[in-house]
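*Asks:* Give me coordinates for this.
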Amino acid sequence: MESHSNVDYDVIVIGAGWSGLLACKNMLEENLSVLVLEKRDKLGGIWCYTDDPSTVTVMKRTHCTSSSCTTEMSDFPMPTEIGDFPHHKDILEYLHAYCVKFDLYDHIRLNSGVEQTEKVDGVWRVRTDNGTTLKSTSLVVCSGYFTKADWSYKEKHLSNFTGVVEHSGSYKGPVMEHNGKRVLVVGGGEMASDIITYWHEDVKPVSLHWCIPRGQHFFRNYSKILPWKKPQALDKASSFILRSLAPHKKGKPGMAWVCRWTTSGSLIAYQGHGIPQFRNNARFFRSFVNKNANALDLIEDGIVVPKGKMSCCTGNTIEYEDGSIEEYDVVILCTGFSTEFSFLPEQIRNKEFSERFKFLFDADDPSLAFVGFARPIVGSIPTIAESQSRMAARLFSGRIQLPNPDQRHQIMVDDADFYQDYFKATSRRIDTLVEMGGYLEHLAQMTGTYPDYWSLFKQNPRDGLAAMLAPYHGCVNLLNDPEHREMALATLRRHKTGTISWIQLSWIILGRLLWVDATLDALGTVKYKMQTSKTWKAVKDYKVISFLNNMWTYPKKCLFDRTTRFDLNGPVSEN
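*Replies:* This next block holds a predicted model:
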């Protein structure tokens, strides 16, 4: 990347959240001068909680829904005492410790919101809200995905609703004013799961309904696979070996049945829930997955009522496509956020992310990078942001080169075609959704950090097997570096403990050979058709049917773990 003598910094980073800190650290590793501008008086982004409802942050009780293995930095493990799924206070302390470890504080300027940016004569000019103008060769946007609440669902479907409509983006905890109200939660993400759980436990509305109009896939992120097993973070089933035997792009063949069982206790619970109102047409691993499936237990217990698409709304009455009609006092929208780049030049801010190379670089000007906006089906944004930061830093330092403009354009076309087909059965509301494994492989190949497992195995078979059997962790990108290899191997061995055995691998291979998942998919389709048939609705409450259903679900009652969950006041524990 061409440097300029009249700049203040090689790189300016906008935003001091998790992604901004990763960008800063990686720029420093490439000996680039860097300044991070943060509009708030504290770093941490959404993980820096505030009671101010106008600032989007986590809620008071929020835990990370991806495990520490999937979220921690490649060369800075999280403390083991904060558990697999840390509370947001622990995450913030971890980010501060990261700043201390890698001397980032001196490169962060707080209370410095960015009002405008423009590129003049090859130099980025960045004007802050305190009147300062700074110059840099490159610019990295880490302003975050959660910036502006998306109210479009209200405009399209609830414009005639006379009750209260609120967006979850302003919530910091349970709203006690909803006590005794008829409450509807709209949306299928993890925020919706949290609200369903918290409102049931603390608010006690007179009725609590959950509407997921586009359908949703679910995982349970922490559970015992069998009663005599220790509970474990289920997103650790992501090793190189497992991804080779059961590729995510093909729907994890041989493993999908395990995902169903650990999520709902049923092998034919389509999409992890088996709830007809929540079903969509997306194949397994072809849409965003909600990893907070514990809230589904409230539906099974009859406490929460599931709802599908709305057909019309009048006053405080909503009619659904299945013909049911309900009245509500409060509707809570968990419909996500939209990104806003008001500080960027108009011709750049209005571009779709599909027009950016690997959802990372501006296609026409790679001196502009967007870190932390690609979102995984399953996995974590920080892991992706670290790989993006590494690639941006190496590009800006001249250590790597991007393909030429024509080649970049062709790669972007190919990527767009791939994801259009891959997510064709989804709404594409999240326009930066990626299959994390494949996406990170591409970035690692372009930065020269893709792990050479075979060479590692030839040098030391035990090390090679440890690396291939361990859950995916960002430190695999350090295995080719002799200076960091031992540290990376130690991290992988620590996370590998208790996650996989050769017997389990054999079961997965056998499951693929016997087409177990295809058979269960077919049975799941039969189950859905039964659930939605008029005949089933007419007979499902008969005593003989209830008896047969109880017999069918008896193994689940004996073997399925639905009690292990987060301790909302501390690390993960078992209740």
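
*Asks:* Which pLDDT value belongs to Asn569?
*Replies:* Model confidence at Asn569, given as pLDDT, is 41.

*Asks:* my bad, Phe560
*Replies:* Phe560 is given a pLDDT of 73.

*Asks:* Tell me, how many residues neighbour the residue lying closest to it once chain neighbours are set aside?
*Replies:* Excluding the flanking residues, the one nearest Phe560 by Cβ to Cβ, 6 or more residues apart in numbering is Gly265, at 3.0 Å. Where C-beta positions appear, they are placed from N, C-alpha and C, glycine not excepted. As a burial measure, Gly265 scores 22 neighbours (other Cβ atoms under 10 Å).

*Asks:* wait, Gly265 sits on Cys558?
*Replies:* No - contact between Gly265 and Cys558 fails when scored by Cβ atoms under 8 Å: they sit 9.8 Å apart.

*Asks:* Wait, Leu456 touches Ala466, no?
*Replies:* No - using Cβ under 8 Å, Leu456 is not in contact with Ala466; the gap is 9.2 Å.

*Asks:* Between those two, which is the more surrounded one?
*Replies:* Leu456 (20 against 17).

*Asks:* mind saving the C-alpha coords of stretch 202-210 as PDB?
*Replies:* Extracted C-alpha coordinates of stretch 202-210, given in PDB (Å, rounded to 0.1, in the frame of the first residue of the first chain):
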ATOM      1  CA  ASP A 202     -39.000 -11.600  36.100                       C
ATOM      2  CA  VAL A 203     -41.800  -9.600  34.400                       C
ATOM      3  CA  LYS A 204     -44.600 -12.200  34.600                       C
ATOM      4  CA  PRO A 205     -46.800 -11.000  31.700                       C
ATOM      5  CA  VAL A 206     -50.400 -12.400  31.600                       C
ATOM      6  CA  SER A 207     -49.500 -14.000  28.200                       C
ATOM      7  CA  LEU A 208     -46.300 -14.300  26.300                       C
ATOM      8  CA  HIS A 209     -46.300 -15.100  22.600                       C
ATOM      9  CA  TRP A 210     -43.300 -15.500  20.300                       C
END
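
*Asks:* in it, what counts as buried?
*Replies:* By neighbour count on 16 or more other Cβ atoms under 10 Å, the buried set for stretch 202-210 is Val203, Pro205, Ser207, Leu208, His209, Trp210.

*Asks:* Find the nearest non-adjacent residue to the third one, please.
*Replies:* The reference is to Ser207. Nearest to Ser207 is Arg182, by Cβ to Cβ, 6+ apart, at 4.7 Å.

*Asks:* After the stretch of helix or strand Gly524 belongs to, which helix or strand is next? Please name it.
*Replies:* Gly524 belongs to helix 516-531 when assigned by DSSP states H and E. For helix 516-531, the succeeding helix or strand toward the C-terminus, using DSSP H and E, is helix 534-539.

*Asks:* Strands along the stretch 251-400 of the chain, start to end?
*Replies:* 289-290, 305-307, 310-314, 317-320, 325-327, 330-333, 337-338, 356-357, 361-362, 368-370, 375-376 (DSSP state E, counting those that start in this stretch).

*Asks:* What about Leu520, how many residues nearby?
*Replies:* Leu520: 20 neighbours (other Cβ under 10 Å).

*Asks:* can I get the CA coordinates of the helix holding Gly524 in PDB?
*Replies:* Presented in PDB, the C-alpha positions along helix 516-531 are these (Å, rounded to 0.1, in the frame of the first residue of the first chain):
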ATOM      1  CA  VAL A 516     -29.000 -41.300   8.900                       C
ATOM      2  CA  ASP A 517     -29.600 -37.600   8.400                       C
ATOM      3  CA  ALA A 518     -31.400 -38.000   5.100                       C
ATOM      4  CA  THR A 519     -33.700 -40.500   6.800                       C
ATOM      5  CA  LEU A 520     -34.400 -38.300   9.800                       C
ATOM      6  CA  ASP A 521     -35.000 -35.300   7.400                       C
ATOM      7  CA  ALA A 522     -37.700 -37.300   5.700                       C
ATOM      8  CA  LEU A 523     -39.200 -38.200   9.000                       C
ATOM      9  CA  GLY A 524     -39.100 -34.600  10.100                       C
ATOM     10  CA  THR A 525     -41.000 -33.600   7.000                       C
ATOM     11  CA  VAL A 526     -43.700 -36.300   7.800                       C
ATOM     12  CA  LYS A 527     -43.800 -34.900  11.300                       C
ATOM     13  CA  TYR A 528     -44.400 -31.300  10.000                       C
ATOM     14  CA  LYS A 529     -47.200 -32.500   7.700                       C
ATOM     15  CA  MET A 530     -48.900 -34.300  10.500                       C
ATOM     16  CA  GLN A 531     -48.600 -31.300  12.800                       C
END
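
*Asks:* Would you mark the buried spots in that helix?
*Replies:* Val516, Asp517, Leu520, Asp521, Gly524, Lys527, Tyr528, Gln531.

*Asks:* Which residues does whichever strand in the chain runs longest contact?
*Replies:* In the chain, taking DSSP state E as the definition, the longest strand is strand 133-141. With Cβ atoms under 8 Å, 6 or more residues apart in numbering as the test, strand 133-141 has contacts from 1-4, 6-15, 20, 23, 27, 35, 37, 117, 122-128, 341, 344, 367-371, 389, 392, 396.
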